[in-house]
Each structure stands twice: as C-alpha cells, then as structure tokens.
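Colleague: Predicted model follows, preceded by the sequence.
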Amino acid sequence: MNIKFVATFIGSLTFCFLINIFSHHDLIFAFYNSFLYGLSYLLVFKFVKAYKKSALILTITTCFIPLFNFIPDKQIVYIFLYTYIILFALGTLRYNRIIVAVALVLLLWGTLITNNILTFPIKPDRERLIFNDRVTQEKILYHQKDARYVPYKLRLVLFNKSVYFYSFFTTVANFLTLKNLYDTILLVNIYPLITGSLWVVKNKREPINGAILIGLFLTFVVISINTSPDKFGSLFIASPLIFYLVVSGLQKVNKNIYLVLLIFSLILRTSPV
C-alpha cells in the first residue's frame, strides 16, 4: 500500500464527508456514509487491480454517487452494511463459504429492513408483500370468472398464483429505469456499471464475483416482492456491490465518452434543483 494510494484514499474519504455535510449538515450521517464509502473503496482496492490506473477519476466519480449521500430511515442498517462488507472481504480472500454465507444473510436481512418489509429485528409487514396485493388477487379472480373464451377448469389452471412470477419480473423491470439508475448511481456510472456487470458474469467463478452476483440477486428478489420499492432504500444496502461493478468496468470503457459523460453528470449533479 503506497503513499499515492493512502493520499488518494484519505482525499476520497474527506471529499465524501464534505459532500454529505454540505447536503445534510449532519456530522453523524456524514461519518456513517464516508465510512461506508471507505469500506467499499478498500474492497475494490483489494480485488480490482486495474483500479489503480484510474484512482483519481474513480475518486471524482464515485464520491458523487447519490447512494453514498443517502440517509436511511433506520440507522441500524449501517451495522448490517459494515458487517457484511467486511465479511465479504474476509470470506472471499481465502474463500470461506461459511463467512460468505453469513455476509449474504446479513445483506438480505438489511435489505428487507430498508425496504420496510421487516421491522427490526424480524417483524414482517405483510401489507408490503406482493403476495398480499389486492389488485393482483382481484385480477386472478376476475379472469377465473370472466375469461369466458377459456373453459372454466382451464381458467383455474391458466389464471392462478403463478402470475406472481410475472409480477416479480415486471416489478424489477419497472424499477431498473434509466431515471432510477441515474438518480442512485449518477449518469456517468451507468456505462461502467454495464461493462463491469458483463465482466463479473463472465468471471463469476471467482469467489468475490460469485458473492457479488448472489448478493445482487437477493437484492432484486426483495425488490420484486415489494409492492412499492423505493429506489434508494432498495439499493442502499447493495451500494458496495454496485461500487464494485462500476470500478470493475471502469478500465473497459471508452475514455473520451466517459469523460464527456462525467462532465455532463457533474454539471447535473451540482446544478440547483
């Protein structure tokens, strides 16, 4: 770990802290979010070697990621965040499946809490589950009764609770809009996010990549069963994983296109609403 890295790391933490102070005027949450950013930064430094070539541009880009400037409803989620990201790093260094499994459980648990599906520690809010969505249930009953172009017994087969699988996919698809991605990770980061995701999928046999993919899958499962997923609350717990994907794709992007997007994104991000 050389002097250049230490200087870049400290500068990144300070910059993230100042952005949070400027946005919220709250020292506690500024510390929480900058500490989260620092853990994500260290995880990337440990596993993404090519990041070192783009350390400065990484700092400028990632410090402005809105997810690192978000205040969750429940402070307890920071405990889940800090713990699972440390366990991710420890478990994937020598690939200890038990440690990785515990990290994934904490990630899932924290995501359920930030989505308000669980009230800490484990009290569920059934009204937020898609399985209890009255609109979907009424549609199933409606088609079973009124789809007269299909014999009644066949209607019971065609129109049943398997429609929830369709709801899962449509919920996630509606969630992953360009607007939601821009609001949560910054416009410029969508480009490396896509290239980084493709690289991680291609190299999914690597322990850290496999853990990242499973963690993101669990995140989107929670989103899919939520009747009204919030974009920040849903992705906040997964912010270190998204950070990893962005940095993984950073060295594979076209630098000229990326620079133009970066300037444009920073203008949008710092402009008054």
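Modeller: Everything's here; your move.

Colleague: Listing request: residues of the stretch 1-150 of the chain with sub-threshold pLDDT.
Modeller: Residue ranges of the stretch 1-150 of the chain with pLDDT under 70: 1, 49-60, 131-150.

Colleague: Show me the strands in it, by range?
Modeller: Here the stretch 1-150 of the chain has its strands, by DSSP state E, counting those that start in this stretch, at 118-119, 123-124.

Colleague: and these, which is most packed in?
Modeller: strand 118-119 (a mean of 16; mean count of other Cβ atoms under 10 Å). To be clear about C-beta, it is placed using only N, CA and C from the backbone, and glycine gets the same treatment.

Colleague: What helices and strands are in contact with it?
Modeller: Here strand 118-119 touches helix 97-114, going by 3 or more Cβ pairs under 8 Å, 6 or more residues apart in numbering; DSSP states H and E.

Colleague: Buried residues, the helix it packs on. List them.
Modeller: 99-100, 102-104, 106-114 (16 or more other Cβ atoms under 10 Å).

Colleague: Tell me the one of those nearest Phe243?
Modeller: Nearest to Phe243 among these, counting by Cβ to Cβ, is Leu107 at 13.9 Å.

Colleague: Now for the buried residues of helix 97-114: which two are most distant?
Modeller: The largest separation in those, counting by Cβ to Cβ, is between Ile99 and Thr114 at 22.6 Å.

Colleague: which residues does the residue lying closest to Phe68 once chain neighbours are set aside contact?
Modeller: Spatial nearest neighbour of Phe68, excluding adjacent residues (Cβ to Cβ, 6 or more residues apart in numbering): Tyr37 at 4.8 Å. Applying Cβ atoms under 8 Å, 6 or more residues apart in numbering to Tyr37 gives the contacts Ser12, Leu13, Cys16, Thr62, Cys63, Phe68.

Colleague: closest to Phe169 among those?
Modeller: Set against Phe169, the nearest of the contacts of Tyr37 by Cβ to Cβ is Phe68 (29.1 Å).

Colleague: What is the burial count for that closest one?
Modeller: By other Cβ atoms under 10 Å, the residues close to Phe68 number 21.

Colleague: ok now do it, which residues does it touch?
Modeller: Contact analysis of Phe68 by Cβ under 8 Å, 6+ apart lists Cys16, Asn20, Asn33, Ser34, Leu36, Tyr37, Ser40, Thr62, Ser239.

Colleague: Return the closest of the residues you listed with respect to Asp125.
Modeller: Using Cβ to Cβ, these come closest to Asp125 at Ser239, 23.0 Å.

Colleague: So that closest one is in contact with Tyr41, correct?
Modeller: No: Ser239 lies out of contact with Tyr41 (Cβ atoms under 8 Å); the separation is 11.8 Å.

Colleague: Please render the contacts of Tyr37 as CSV that adds distance to Asn209 to the earlier fields.
Modeller: Formatted as CSV, the contacts of Tyr37 follow (distance: Cβ to Cβ, whole Å):
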residue, distance to Asn209
Ser12, 23
Leu13, 26
Cys16, 25
Thr62, 19
Cys63, 25
Phe68, 22
